[in-house]
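In: predicted model, plus sequence, below.
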Amino acid sequence: MQTLLQFLKELKQNNNKEWFNDHRKEYETAKEQMLFFTDLMIQELRKIDSDIPALSPKDCLFRIFRDVRFSKDKSPYKTNMGSFIAPGGRKSELAGYYVHFEPGASFIGGGVWCPGPEILRSIRLEIYNHPESFKEVLYDEDFRRVFPEVMGEKLKTAPKGFDKEFEDIALLRYKSYAFGCSLSDEQVLSADLIDETVEVFRQLSHMNRFLNDVIGKKK
């Protein structure tokens, strides 16, 4: 992954179209490296999670081009590369597996990030009605060792329509049910990267099963 990290590091220092066009060959090489890693993860995940189909890596990889229409930051390119592996690829509403490579800020994880209101309510309802089933996964010792906390923002009070006195109300305040595990640059460049990523995803698969059983009912 050396080529990938090096390209992203240089892109961060030269985030403009002229530089990018002059270094398009390096971009294509980095992109191919990311697609290769994504394809490896798809094959490994199909052994772990029966919901993962034979996806094309290109359908999982996010574009490096930023949408700057409503942003004060007009930098044209993202300084990371990421892939979301789930049925339907990067556009899926289902819980899935995410790989994010960025010098000094790489991580792997997944779940559901900022789901729509109907899906979010369905997940909250399932936790409300079956809190022990959710806590069995969330507080599992091996899962907790890899994912000590839920990512993202949360409400300061109970979500609308839920009893504020519910014993596990804190579990309903999350706006996402997503999880991440940081990777140092040394880990990204290590020969153990694939094995370590697969093991993280193995732990995540239990949470994704819980979430996708809920989302599948809704859909």
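Out: All right, it came through fine. Residues are numbered from 1 along each chain as shown.

In: contacts and neighbour counts: CA atoms only from here.
Out: OK.

In: ramachandran angles for Phe107?
Out: phi -160, psi 160 (degrees, to the nearest 10).

In: and the helix or strand hosting Ala30, what other elements does it pack with?
Out: Assigned by DSSP states H and E, Ala30 falls within helix 24-48. Under the contact criterion of 3 or more Cα pairs under 8 Å, 6 or more residues apart in numbering; DSSP states H and E, helix 24-48 touches helix 2-13, helix 57-60, strand 81-85, helix 193-218.

In: what sits up against the second one?
Out: Counting by Cα atoms under 8 Å, 6 or more residues apart in numbering, the neighbours of helix 57-60 from elsewhere in the structure are Leu35, Phe36, Thr38, Asp39, Ile42, Ser83, Phe84, Ile85, Ala86, Gly88, Gly89, Arg90.

In: any low-confidence regions in the chain?
Out: Applying pLDDT under 70 to the chain flags the ranges 217-219.

In: please name the residues that touch Asp51.
Out: Ala86, Pro87.

In: distance of it relative to Val150?
Out: 23 Å (Cα to Cα, to the nearest Å).

In: again with Phe101
Out: For Phe101 relative to Val150 (Cα to Cα), the value is 20 Å.

In: ok so, going back, pick the most buried one from the helices and strands packed on helix 24-48.
Out: strand 81-85 (a mean of 25; mean count of other Cα atoms under 10 Å).

In: CA atoms of that one as CSV?
Out: Taking C-alpha atoms only, strand 81-85 is exported to CSV below (Å, rounded to 0.1, in the frame of the first residue of the first chain):
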residue,chain,number,x,y,z
MET,A,81,-9.6,6.4,-0.6
GLY,A,82,-12.5,4.4,0.7
SER,A,83,-14.6,1.4,-0.2
PHE,A,84,-17.9,0.2,1.3
ILE,A,85,-18.6,-3.5,0.9
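
In: helices or strands up against that strand?
Out: helix 24-48, helix 57-60, strand 96-101.

In: quick one: strands adjacent to the last one?
Out: The reference is to strand 96-101. Note on strand 96-101: by DSSP bridges, its sheet partners are strand 81-85 (antiparallel), strand 106-112 (antiparallel).

In: nearest to Leu94, out of those strands?
Out: Distance to Leu94, taken as Cα to Cα, is lowest for strand 106-112 among the strands paired with strand 96-101, at 6.8 Å.

In: okay, the closest one in PDB with CA atoms only?
Out: The C-alpha trace of strand 106-112 is given here as PDB (Å, rounded to 0.1, in the frame of the first residue of the first chain):
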ATOM      1  CA  SER A 106      -6.700   5.200   8.200                       C
ATOM      2  CA  PHE A 107      -9.300   3.000   9.700                       C
ATOM      3  CA  ILE A 108     -11.500   0.000   9.000                       C
ATOM      4  CA  GLY A 109     -15.000  -0.700  10.300                       C
ATOM      5  CA  GLY A 110     -18.600  -0.400   9.100                       C
ATOM      6  CA  GLY A 111     -22.200  -0.800  10.200                       C
ATOM      7  CA  VAL A 112     -24.700   1.900   9.100                       C
END
